[in-house]
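Novice: Below are the sequence and a predicted model for it; my questions follow.
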Amino acid sequence: MMQTVVQMRSTPHYVWSTADVLGQGATGSVFKGRHKKTGDLCAIKTFNQMSFMRPVDVQMREFEMVLKLKHRNIVKLLDIEEEPSTRQKVIVMEICTGGSLYTILDEPENAYGLAEEEFKLVMKDVAAGMNYLREKGIVHRDLKPGNIMRCIGEDSLSIYKLTDFGAARELDDEEQFMSLYGTEEYLHPDMYERAVLRRPMGKSFKATVDLWSIGVTFYHVATGSLPFRPYGGARRNKEIMFKITTEKPSGAISGIQHTEDGRLEWSRALPKTCLLSRGFKDLLTPLLAGILECDSVKMWSFEMFFEEVTKILNMDIIHIFNISTATSLRVYVNPTDTFASVQELVAVQTDIPAARQEMIFDSYHFAVSHTDPASTYPKTSPDNPIIVLDNVHTDFSRAEYRELPKLPRFGTSFSLDNDAPLAKVCASVVFDCQRSTASLLLQQNIMRKAVKWFICVMSRETEQLRTDTHLLGIKVTHSDLALRRLLDEHSLHSKMLDLLCSGTSSSDVQRKRLELQQLVDGKREFMQKILDEYANCEKQMKWVEERILVEETLKELWKDKDTVGTQEKDRSVERTAYVLEKVVATYLQFKKDKSLKRLSYNEEQIHKFEKQKLSANCIKAVSAYADEFVPKFKHLYSEVARWFQKAFLYRQKLAKVVNLLDKVSTASDQMAGNLQQSVQKHHVIMNSLLSSDPLQRPVTSHTPPCDVTPPVSAPPSVAASEPLSQTEVVQLQASVRAVREEIRLSIAEAEESTKLLRQLGGLGLENGIHVEDVAHG
């Protein structure tokens, strides 16, 4: 077995070992080196024989190009030196200890793409670096994950930097070039046709070819796979690769051939295995479709690309938990979006129309002004989201969780070449198992939190409804008292009018007496109906109050269910991580074994034992997820579903009380307004009678005229046949003055009643809950 010869090599200021390889490319290798005086780490790029076959101007292009570039997202050139022994140039660059994006994607952990926050860092940094190159008039021409390096910033966040400018050249957007560079899987179809298929064509290329490479790179980073995959791979099936990229329907972002000579399957969506959220996928997919467009007329410009990336990265995230499906969601909103826009975005991901959405956050209804921008909303997080539920339909029939990819088949044969990739796939599945286990635990914790928050909301609604019921009771009572006072005044005034009107048959007086009677007709019956309906309200309210506030029925219904499902103390995530550690160790060992090409007998036996353990550990992890963690999740979900369905029954009771209160409140307002008008009209009629007294008569002599006959209605004491004496007239006038004074006092009291009714008219249920808030069907 041949061993690689390790050498120490150096330039006047730098030294490196050929064993410390950071990466290898078509034109050379990159090693980890140090400055001889300071000891600072750096990356040393040396060039192989193939690179020297290029023209001198091409060899120098990379040197000159990198010297001109100074940007946070471009790998910094530190120096260009020459090896004394070989007289060959080397490039000294800043070292990126995180490796290339390709090596990151090659890790089993990232087999299905990067996590969302990490992907956004890649998007931000690549776009910034490419924008800088464009400002400098440079086309990279070989953009791919292998030429994107990762550094770790002082805040522990990744910084991605573009590197390898051997294929780059200066070119304006509208300028064209004929020379060909690039890695074939990431090449624009026109360049692929000429460079890979070697077809003669007089076509030239613009700077926008980099956009296609960005699109392929972003898809690869998002999914862990290339977007265009002929059967057998792009390098074995070049014609089908070209066919996929050129015949791709507009809007499609991937094309795959699953069998030899099989049909091509196009997709306009990212795969389900992708780790990105639904909200982010909805933003990324049209961007990918725009730059993965082979038709130059339809392909986005750099300006459109940078504008859209900036827009996406500046969006705020609102974390939402859809309780009916037990799903965590990310809703991306513009900082200036209003609540109506947010509701529409929530509706897209939950299928709950805006009018039926009920949102709860931190045990309160999520209440914001409809004009407030989204940037002012309370901060949410994955473990502290806004709970959204449908306040009409209580469908809890479709809990959503991640299905694990299938484990590969374990053959009995021994193969170093096959076992390493087998172990890699196994490790990727167990990594996904760990993520999914953590996700299940988080979903269950939020479900428990949702129940507790809903109990708080229901208790608060009940307390508010109790207050509303009490306030309405005050309102109804005062209306009843006002009516009683009006009826008493009417009775008193009627008796006074009987006294004042004795001896007259004036039609005007009789008409006004009829008007007074009409003002009170039917009011007692209407008021009694209001009192009866309010009593029913009180009865219904007392029942709800007893169940929710006194007996705490909702808490009792949940009391024994809080221990259902997976708990933190079960250590499910840690148990999976323990198995994952063993699987990864086996993968790394198999990877090492493969590089050795041959093993000794004892090493072969160890390898076989490790393969058996690998199979056992993978089955253990996947079985725990499928047979323990998922069933526990489903059990808790079913208990939550049953609990919410019972809670919604109490919501219906609350809704019934609210409807009754609204009905009584409306009738009471109608009564109050009617009483105000009646009292005012009563005043007008009585004042008109007092201001013009048709009953005043002159004092008559003791001998009445013979033609005077007593009125039919006159009381015996004042009959016309019995003329009043001077003393009786004085007494009657005094009685009239007393009656008038009593009327004036009663009118003043009535005015006080009118004022009180006017105040009570504004006593509504504005601060209480509304029917639409609590009505569940």
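Specialist: Nice, thanks for sending it over. This structure is a prediction, so every number in the text was calculated from the model and none was measured.

Novice: residues near D337, how many?
Specialist: The number of residues packed near D337 is 20, by other CB atoms under 10 Å. Where you see a C-beta, it was placed from the backbone N, CA and C, and this is true even at glycine.

Novice: do D390 as well
Specialist: D390 has 20 neighbours, counted by other CB under 10 Å.

Novice: shift numbering so it begins at 20
Specialist: Let's use 20 as the start, then, which means that last one is D409.

Novice: any idea how far V85 is from it?
Specialist: Distance, D409 to V85, using CB to CB, to the nearest Å: 58 Å.

Novice: go on, I263?
Specialist: In this view, I263 and V85 are 34 Å apart by CB to CB.

Novice: And for R530?
Specialist: Distance of R530 to V85, computed by CB to CB: 107 Å.

Novice: who has more neighbours, the two?
Specialist: Taking other CB under 10 Å, R530 and V85 do not tie; V85 has more neighbours (23 against 11).

Novice: which secondary structure element contains the more buried one?
Specialist: Element membership of V85, judged by DSSP states H and E, is helix 75-86.

Novice: biggest helix in this structure by residues?
Specialist: helix 435-519 (DSSP state H).

Novice: Averaged pLDDT, that helix. What do you get?
Specialist: Helix 435-519 comes out with an average pLDDT of 90.

Novice: next SSE after that helix?
Specialist: Next helix or strand after helix 435-519 toward the C-terminus (DSSP H and E): helix 526-539.

Novice: and the angle for that following helix with helix 435-519?
Specialist: Calculated by axes from the mean of the first three to the mean of the last three CA atoms, to 10 degrees, helix 526-539 forms an angle of 150 degrees with helix 435-519.

Novice: and the angle for the helix or strand following helix 526-539 with helix 435-519?
Specialist: Later in the chain than helix 526-539, the nearest helix or strand by DSSP H and E is helix 542-564. Angle of helix 542-564 versus helix 435-519, following the same axes, to 10 degrees, is 150 degrees.

Novice: What lies in contact with helix 542-564?
Specialist: Helix 542-564 is contacted by residues 481, 484-485, 488, 491-492, 495, 498-499, 502, 505-506, 669, 672-673, 675-676, 679-680, 682-683, 686-687, 690, 693-694, 697 when judged by CB atoms under 8 Å, 6 or more residues apart in numbering.

Novice: okay, and for the stretch 20-169 of the chain, where does confidence drop off?
Specialist: The stretch 20-169 of the chain contains residues with pLDDT under 70 at 20-25, 68-81.

Novice: The same query, at a cut-off of 50, please.
Specialist: 20-21 (pLDDT under 50).

Novice: Pretty sure G52 sits in a strand.
Specialist: Yes. Secondary structure of G52 (DSSP: H, G, I helix; E, B strand; the rest coil): part of a strand.

Novice: For it, the count of nearby residues, please.
Specialist: G52: 26 neighbours (other CB under 10 Å).

Novice: Pull the contacting residues for it.
Specialist: Residues near G52 by CB under 8 Å, 6+ apart: 33-35, 39, 60-63, 111.

Novice: Dump the residues you listed to JSON lines, plus neighbour count.
Specialist: Output for the contacts of G52, formatted as JSON lines (neighbours: other CB atoms under 10 Å):
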{"residue": "Y33", "neighbour count": "22"}
{"residue": "V34", "neighbour count": "13"}
{"residue": "W35", "neighbour count": "24"}
{"residue": "D39", "neighbour count": "13"}
{"residue": "L60", "neighbour count": "12"}
{"residue": "C61", "neighbour count": "20"}
{"residue": "A62", "neighbour count": "23"}
{"residue": "I63", "neighbour count": "27"}
{"residue": "V111", "neighbour count": "21"}
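
Novice: Nearest to L307, out of those: which one, please.
Specialist: L307 lies nearest to A62 out of these, by CB to CB, at 31.2 Å.

Novice: what kind of secondary structure is the closest one in?
Specialist: Here A62 takes the strand state, with states given by three-state DSSP.

Novice: E203 is in contact with R254, correct?
Specialist: Yes. Shown here, R254 and E203 form a contact pair, counting by CB atoms under 8 Å, at 6.9 Å.

Novice: Of those two, which one has the most company?
Specialist: Per other CB under 10 Å, whichever of R254 and E203 has more neighbours is E203, with 15 against 11.

Novice: so the more buried one makes contact with N256?
Specialist: No. The criterion here is CB under 8 Å, and E203 misses it with N256 at 11.7 Å.

Novice: Return every residue with contacts to both of the two.
Specialist: Common neighbours of E203 and N256 (CB under 8 Å, 6+ apart) do not exist.

Novice: just the contacts of G52 now: which is nearest S416?
Specialist: Nearest to S416 among these: A62, at 56.2 Å, using CB to CB.

Novice: which residues does the closest one contact?
Specialist: Counting by CB under 8 Å, 6+ apart, A62 makes contact with 41, 49-52, 94, 111-115.

Novice: Out of those residues, the closest to E312 would be?
Specialist: E312 has its nearest neighbour among the contacts of A62 in V94, at 29.4 Å by CB to CB.

Novice: The closest residue to that closest one other than its chain neighbours: how many residues sit nearby?
Specialist: Closest residue to V94 apart from its sequence neighbours, by CB to CB, 6 or more residues apart in numbering: T182 at 4.0 Å. Per other CB under 10 Å, the neighbour tally for T182 reads 24.

Novice: can you check S175 too?
Specialist: S175, neighbours per other CB under 10 Å, totals 6.

Novice: Quick check: it is in a strand.
Specialist: No. Under three-state DSSP, S175 sits outside any strand and is assigned coil.

Novice: Now the phi/psi pair for it, please.
Specialist: S175 has phi and psi values of phi 70, psi 10 when expressed as degrees, to the nearest 10.

Novice: What of R169?
Specialist: Torsion angles, degrees, to the nearest 10, at R169: phi -110, psi 130.

Novice: just I337 next, same as before
Specialist: Dihedral pair for I337: phi -110, psi 120, per degrees, to the nearest 10.

Novice: which residues touch it?
Specialist: 349-350, 352, 361, 393, 396, 399, 405.

Novice: Show me these that map onto helices.
Specialist: Of the contacts of I337, the ones assigned to helices by DSSP H are V361.

Novice: Closest one of the contacts of I337 to E623?
Specialist: E623 has its nearest neighbour among those in R349, at 48.6 Å by CB to CB.

Novice: Can you tell me how far that closest one is from L408?
Specialist: Noted for R349: a distance of 18 Å to L408, by CB to CB.

Novice: list the helices and strands the host helix or strand of M690 packs on?
Specialist: Using DSSP H and E, M690 sits in helix 649-710. With contacts taken as 3 or more CB pairs under 8 Å, 6 or more residues apart in numbering; DSSP states H and E, helix 649-710 sits against helix 435-519, helix 526-539, helix 542-564, helix 572-577, helix 745-780, helix 790-793.

Novice: Could you identify which of those is most buried?
Specialist: Across the helices and strands packed on helix 649-710, averaging neighbours per residue (mean count of other CB atoms under 10 Å) puts helix 435-519 on top, at a mean of 19.

Novice: Compute the inter-axis angle for it and helix 649-710.
Specialist: 20 degrees.

Novice: How is this protein divided into domains?
Specialist: With domains defined by the TED database, the chain comprises 38-113, 118-331, 336-409, 476-709+746-783.

Novice: What lies in contact with stretch 120-132?
Specialist: Applying CB under 8 Å, 6+ apart, the set of residues contacting stretch 120-132 is 42, 117, 133, 138, 141, 163-165, 167-169, 179, 236, 239-243, 292-295, 443-444, 446-447, 450-451, 603, 606.

Novice: please redo it, this time with the cut-off set to 7 Å
Specialist: 141, 164-165, 167, 169, 179, 239-243, 292-294, 443, 446-447, 450-451, 606 (CB atoms under 7 Å, 6 or more residues apart in numbering).

Novice: Could you do stretch 625-642 as well?
Specialist: Stretch 625-642 has contacts (CB under 7 Å, 6+ apart) with 423, 426, 429, 433, 438, 442, 445, 448-449, 452, 595, 598-599, 601-602, 605, 608, 612, 618.
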